[in-house]
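Trainee: Sequence and predicted structure below; questions after.
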Amino acid sequence: MGVTELKRKGRKNRARANNATQRIKQLLSKPIVKNVDVEAIKASFAEKQA
């Protein structure tokens, strides 16, 4: 009996693996931390309350 190659299944498995690794990379990626002036934000909230 000859060996048959299941091409569609191989493509599907490879796509699943690639999607999983991309999903993991996306979850592990950290957002860019910008310099945020916390005091200015607090002051803006105080202005809105008044």
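Mentor: Arrived safely, thanks for sending.
Trainee: Please name the residues that touch residue 33.
Mentor: Applying C-beta atoms under 8 Å, 6 or more residues apart in numbering, we find residue 33 in contact with no residue. Bear in mind the C-beta positions are built from the backbone N, C-alpha and C, glycine included.
Trainee: Now do it, the pLDDT please.
Mentor: Looking at residue 33, its pLDDT is 78.
Trainee: Now the top helix by length along the chain: buried residues?
Mentor: Of all segments of type helix in the chain, defined using DSSP state H, the longest is helix 7-28. When burial is assessed from 16 or more other C-beta atoms under 10 Å, helix 7-28 yields no buried residues.
Trainee: Give me the distance from the very next helix or strand once past it to the chain's centre.
Mentor: Sequence-wise, the next helix or strand downstream of helix 7-28 (DSSP states H and E) is helix 38-49. Helix 38-49 sits 31 Å away from the centroid of its parent chain (C-alpha atoms, centre = their mean, to the nearest Å).
Trainee: Now helix 38-49: average pLDDT?
Mentor: The average pLDDT within helix 38-49 is 88.
Trainee: And the contacts of it?
Mentor: Applying C-beta under 8 Å, 6+ apart, helix 38-49 turns out to have no external contacts.
Trainee: The longest helix of the chain packs against which elements?
Mentor: On a contact count with 3 or more C-beta pairs under 8 Å, 6 or more residues apart in numbering; DSSP states H and E, helix 7-28 meets no helix or strand.
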